[in-house]
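Novice: Quick one: sequence plus predicted model below, questions after.
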Amino acid sequence: MAVQVVFYAYGILSGQRILWESLSKLRVAFSRSWCIGGDCNEIRFMSERKWCIRRDRGMKDFNGFIDTIELMDLPMLGRSFTWCNDVEGERWSRLNRFLLDVGWLEKFSFKQWGLNRSISDHCPVIIMTDERDWGPKPFRCINAWSLHPNFVVAVKTAWDNCQVSGWASYRIMKKLGHLRGQLRIWNSEVFGNVDENRKKDEDELHEWDLKAESRDLQEFEKSRRREVLSSVWDLKRKKENMWQQKSRLLWAENGDKNSRFFHMMSSRRQRKNLLNSVAVNGSLVVQPNLVKQAVVDFFREVVFREEEIWVAVKECDENKALGPDGFNLACF
């Protein structure tokens, strides 16, 4: 079940505050996955307004409302503003938007698009999944792999089995390429799907709990229940570790080992870093293959000084990979 709300906010602060308070109360009463959208008649940041009146109080109230109800504000793709009430096209604002519960983003890769405005003051806004084919996902070394007892052995075996001749950098490149392929296989066959394995173990643990409620378990049954319980905890730690790596946050910075929280932060980081389109010679390019080629062409013309490279390396945290091979500093 989900909660979907369409609203229109008043243009005056007192009316907006009543609406924000009412929606906040509804959020508490109906805590399922929310999706709300409409004309907010307010912006979040000054970058969302062009040649319009500044209202710091309204922005603060609106941002406070979004923080209170804990919904995600997706970036606007396709255009920057959703409202224009000027014949000359000088006054613009982003007044229309959707706000989503993180639960939606756990299941769907939604994007928020601003469409053609036509003759209306407002442009339509649509939430939809990105069905463009960006090609195979790049390899990423997952820190949670190190929690598996056979991981180090698998890495050492793959590394030693790849015998290459040539200069040092060439040998390392070929060995890393071989290791990448072997880790893909190991991840699929040994490490497995964390979500599926956890669901299976949790179901088995539930069955053992039901039996324990109705009768005394025998020793071998108690032993098996302890094994399953230990496995559930182990998979839970792996899942948290994976989302923590994706979010690029540290436990010590927030004191919260909640995988849902880190999923939210990871999704926010991914949307912030999203390269959905690029401008090439004044034209907007959105096709995935052309976007990739434009990025490659751009960086072919960029020259980095050695001191700049060292500064970048020293500022990297352990979750960042230094190149497209996907091996992060934690792996090394």
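Specialist: Nice, I can see it. All values derive from a computational prediction rather than experimental measurement.
Novice: What is the lengthiest helix in the chain packed up against?
Specialist: Looking across the chain with DSSP state H, the single longest helix is helix 219-247. Counting contacts by 3 or more CB pairs under 8 Å, 6 or more residues apart in numbering; DSSP states H and E, helix 219-247 packs against helix 194-214, helix 259-273. Every residue, glycine included, has its C-beta placed from N, CA and C.
Novice: rank those by pLDDT, which is bottom?
Specialist: Note on these: helix 259-273 shows the lowest mean pLDDT, a mean of 56.
Novice: Could you point out the helix or strand that follows that one?
Specialist: strand 278-280 (DSSP states H and E).
Novice: which neighbours does the helix or strand that that next one is followed by have in its sheet, and in what orientation?
Specialist: Going down the chain from strand 278-280, the next helix or strand is strand 283-285, by DSSP H and E. If you go by DSSP bridges, strand 283-285 pairs up with strand 278-280 (antiparallel).
Novice: List the buried residues for the partner strand?
Specialist: Neighbour-count burial for strand 278-280, counted by 16 or more other CB atoms under 10 Å, picks out Val278.
Novice: re the thing from before, and the longest helix of the chain with helix 194-214, angle?
Specialist: If you take axes from the mean of the first three to the mean of the last three CA atoms, to 10 degrees, helix 219-247 sits at 150 degrees to helix 194-214.
Novice: remind me which residues of the stretch 51-200 of the chain are low pLDDT?
Specialist: 54, 86-87, 131 (pLDDT under 70).
Novice: What segments of it are helices?
Specialist: 56-69, 102-107, 151-161, 168-186, 194-214 (DSSP state H, counting those that start in this stretch).
Novice: any chance of the ones you listed in CSV, plus distance to Ser277 and mean neighbour count?
Specialist: Converted to CSV, the helices of the stretch 51-200 of the chain look like this (distance: least, CB to CB, whole Å; neighbours: other CB atoms under 10 Å):
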stretch, distance to Ser277, mean neighbour count
helix 56-69, 26, 15
helix 102-107, 21, 16
helix 151-161, 38, 14
helix 168-186, 29, 15
helix 194-214, 32, 14
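Novice: I'd like the ones you listed written out as JSON lines, with distance to Val28 added.
Specialist: Formatted as JSON lines, the helices of the stretch 51-200 of the chain follow (distance: least, CB to CB, whole Å):
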{"stretch": "helix 56-69", "distance to Val28": "9"}
{"stretch": "helix 102-107", "distance to Val28": "16"}
{"stretch": "helix 151-161", "distance to Val28": "44"}
{"stretch": "helix 168-186", "distance to Val28": "45"}
{"stretch": "helix 194-214", "distance to Val28": "28"}
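Novice: Nearest to Trp92 among those helices would be which one?
Specialist: helix 56-69 (15.9 Å; CB to CB).
Novice: Please list the residues outside stretch 40-56 that contact it.
Specialist: Residues outside stretch 40-56 that contact it (CB atoms under 8 Å, 6 or more residues apart in numbering) are 8-11, 13, 16, 58-59, 61-63, 66, 73, 80-81, 90-97.
Novice: just how off-centre is that stretch within its chain?
Specialist: 27 Å (CA atoms, centre = their mean, to the nearest Å).
Novice: again with stretch 18-33
Specialist: Distance of stretch 18-33 from the chain centroid (CA atoms, centre = their mean) equals 25 Å.
Novice: Show me which positions of that stretch end up buried.
Specialist: For stretch 18-33, by 16+ other CB under 10 Å, it's Leu19, Trp20, Leu23, Arg27, Ser33.
Novice: List just the nearest of those to Gln112.
Specialist: Using CB to CB, the buried residues of stretch 18-33 come closest to Gln112 at Ser33, 16.5 Å.
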